[in-house]
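# With the input below, show me the fold.
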Amino acid sequence: MPAFGASVTQTHRRTKSNGAVSDHIDPHDAAFRKYSLNNLVTMDTTNLSTLSANGDAIIEKRKHKVCIATCNRADYSKLGPIMIAIEKDPDMILQTIVLGCHLIDDYGSTYRLIEQDGLNIDSRLHTIVRGEDEAAMVESIGLAMVKLPDVLLRLQPDILVVHGDRFDALSLAATAALMNIRILHIEGGEVSGTIDDSIRHAITKLSHYHICCTERAHSRLLAMCEDNERIMLAGCTSYDMLLTAKVRDCDDLIHKWVGPEAEKQDYIIALQHPVTTNIKHSITMFGLMLDALLTFDKKVVILFPNIDAGSKEMTRIMRLKGIEHHPNFRPAKHIPFEEFIILVANAGCMIGNSSAGVREAGAFGTPVVNLGSRQTGRETGENVLHCREADTTQKILHSLEIQYQKQFPPSYIYGDGHAIPRIIKFIKNIDVDKEIQKGFVFPPMPESISKDIDHILETQSALAVDMGGTQLRVAIVSNEGEIKHLESRSTPDNNESRLRTLMEMLVDASQKAIGLSCRILGVGISTGGRVNPREGIVMHATKAIEGWNNIDLRTPISSKLHLPVWVDNDGNCAALGEKKFGFGKNSANFITIATGTGIGGGYIQDGKLLHGTNFCAAELGHTKVSMDGPECLCGGRGCLESYSSGGALQREAKALMKEGELVVNGMKIGAEEEITAKHLIQSAKLGNTKAQAVLNIGARALATATISLLHILNPSMIVLSGHFAPIYHEEVSKTINREALDSAKGVEIKVSELKEPALLGAASLVLEYATRRTY
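Now for the predicted structure:
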């Protein structure tokens, strides 16, 4: 649970408005210590005086005039408890302004709730311009700003309290700021997507004091340059009621709103509002939700949407689908908050895009299906499953099937039940005679994590590329290492054609991923040569890929596919593939030696791949195993690659063929057939001692290099991969046991079991480091 009202002791850097930087105790500490329930510092408000009968001055406390403006049923559920507490406090005077939907019959004339609570309404302002479209919202803000100045001039409040992110609240904050009235904003610093974010953050910048509900909201306010001394992390006021509400033994209430035969957890609450930044899509989504609920065939309490642009069309869809007269549906314009929370606590599921689903429902662990983008960024408990696209009835229906009647623990992200006393003490400590001046603080901010229905229905996958000298291969690889799709083409002989072919293959694979229900997290590319993985550039290629130098792979591919792109050397990729899918899963320190046309490798140290200063660490093929020896493709002599690589074995096979000593009984080589390493291996298996001697030399050279690695790096394991690993394994193991130090002899030498190490290694670049996973 967040430390509501508690202090913390961490320190960080505080940047002042003049740009100077100094060390301070974390500003959270000062705020919590100053306004905690048990450590209140009472400020001096004795600035009014009268005279006694004998002429002595009697100092009286000045009462704060606190004006609270409420616009609709939702914000009154948060502001009402504060208003009642202020009304009871002898040191404060409550002033109440009612505007917006409160005064509209179609939305329940909810101003009556304020009167029922025994609170006096100082001003009623009709500010809503009907039309329920974008223009009407703007005109409503303008109308409110025309009417509000007269009211505020008459009331002369010390502090104006506004709540949330509604357009009505924006008109209140703008008016009060221009009239130099202190503004206290409730529930700032939150993130929810759509136009609400813009309005909420605009109100934050207009406000002088802030009450926030979560630690992340607190951090965002600090990051938005708000002065920590003017911020209070109190929790959500509704949790004061939620955590003390009697939500059991409420059959009569359930029967009242759901139906006479309804039972606990046997019904759904639906509450969907328009998304003003994409009205057309939100209306479509609303229709899909209704279709899913009709198909799901459970009792539903459905509340009418708010007055935002698009609400009229949503109401029309309800009527077209016969929702108001359907036996399973109980439409409601307004449900009193104390009754609404009981219904939420006992519901089998809640669906829609209301903040009640991600806030209030969490207090009871009620399962929630959150549709669309309206609450994107909100902190949520385990009980919330996001269906962000919600573009098919089937997807929404599947979400309902997952969540309905599921059990979750309560979540206390938004409050601990003690917000009201903290807020009252915070307000009483505001010095209303002090000049207003904001400070600036810039703390770090962590990202939110949430569950998404798309990630449950789709397989997280990577596009993997193996750029070889003869073959260019692109695959779709799942997070479990399954190759879902593979395409192979001959590698073109020039860079322009290579890039064009690669791009075509990646685009084709991206399209195929949709049909395979694969969510592509990024592109991983394994290529020969020296690679700068930070920039995604091939610096120097091997001779197998002639001219493949200074090639930027990341920029064009990322721009085309709108995906992150990772590029690395094929030896490094072999090590990463082994780490994720092979023997390296449970090893923090091991070396992979890749045997193929060349010799490569990768070194995993403390669970991380070692690249080296110039990205040439673990270039094992060019480890010297002889002072002279055969010439290597790198230009040197005596390199491991000149003894043990496929190219070296091919060279020796051709030499034996030229001398007439390669072909033995049982072998057939066509007249035009190119001599390769496979002919050498075949000949050795058929008993050719000279061919076997060549393989033994290659194995001993590999063993010599491996012994040096064991003595220098002391890994826990060596993994041999590639075509020649099984052939070399026995001789390498024997040589190590014979010639290595005793401390190195016990190290395991294994042959990789990965069938496609290059592709799996390229995929692991993405699957290990991609950051798009959100549940």
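# State the helix or strand in which I93 lies.
strand 92-99 (DSSP states H and E).
# again, but for S721
Assigned by DSSP H and E, S721 falls in strand 717-722.
# residues of whichever helix or strand comes after that strand that come out buried?
Where DSSP H and E defines the elements, the next helix or strand beyond strand 717-722 is helix 725-739. Judged by neighbour count using 16 or more other C-beta atoms under 10 Å, the buried positions of helix 725-739 are 725, 727-729, 731-733, 735-736. For every residue, glycine as well, the C-beta is placed using N, CA and C.
# ok, now stretch 696-706?
697-706.
# Who does the strand holding I93 pair with, and is each partner parallel or antiparallel?
Strands that pair with strand 92-99, judged by DSSP bridges, come out as strand 64-70 (parallel), strand 123-125 (parallel).
# Do me a favour and average the pLDDT over it.
For strand 92-99, mean pLDDT is 96.
# Tabulate the CA atom coordinates of that strand in PDB.
Backbone C-alpha positions of strand 92-99 (Å, rounded to 0.1, in the frame of the first residue of the first chain) are rendered in PDB as follows:
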ATOM      1  CA  MET A  92     -13.700  27.200   8.200                       C
ATOM      2  CA  ILE A  93     -16.600  28.500   6.200                       C
ATOM      3  CA  LEU A  94     -18.000  26.400   3.400                       C
ATOM      4  CA  GLN A  95     -19.200  28.000   0.200                       C
ATOM      5  CA  THR A  96     -20.800  25.900  -2.500                       C
ATOM      6  CA  ILE A  97     -21.200  26.500  -6.300                       C
ATOM      7  CA  VAL A  98     -23.200  24.000  -8.300                       C
ATOM      8  CA  LEU A  99     -23.000  24.000 -12.100                       C
END
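# what element comes up after it heading to the C-terminus?
Next along the chain after strand 92-99, taking DSSP H and E as the criterion, comes helix 111-116.
# and that following helix, what other elements does it pack with?
Under the contact criterion of 3 or more C-beta pairs under 8 Å, 6 or more residues apart in numbering; DSSP states H and E, helix 111-116 touches helix 73-88, strand 92-99.
# ranges for the helices of the stretch 651-775 of the chain?
677-685, 689-713, 725-739, 742-745, 757-769 (DSSP state H, counting those that start in this stretch).
# So which elements touch the second one?
Secondary structure elements in contact with helix 689-713, counted by 3+ C-beta pairs under 8 Å, 6+ apart, are strand 590-595, strand 599-605, helix 641-644, helix 646-658, helix 677-685, strand 717-722, helix 725-739, helix 742-745.
# pLDDT on it, on average?
pLDDT averaged over helix 689-713 gives 92.
# for the third one, same thing?
When pLDDT is averaged over helix 725-739, the result is 92.
# Alpha carbons only: can I get it in CSV?
The C-alpha coordinates for helix 725-739 follow below in CSV (Å, rounded to 0.1, in the frame of the first residue of the first chain):
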residue,chain,number,x,y,z
ALA,A,725,30.2,-29.0,-33.0
PRO,A,726,29.3,-32.8,-32.9
ILE,A,727,32.4,-33.7,-34.9
TYR,A,728,34.8,-31.8,-32.7
HIS,A,729,33.2,-32.4,-29.3
GLU,A,730,34.9,-35.7,-28.4
GLU,A,731,38.4,-34.7,-29.3
VAL,A,732,38.0,-31.2,-27.7
SER,A,733,36.9,-32.8,-24.4
LYS,A,734,39.8,-35.3,-24.5
THR,A,735,42.4,-32.6,-25.2
ILE,A,736,41.1,-30.4,-22.4
ASN,A,737,41.1,-33.3,-19.9
ARG,A,738,44.6,-34.1,-20.9
GLU,A,739,46.2,-30.6,-21.2
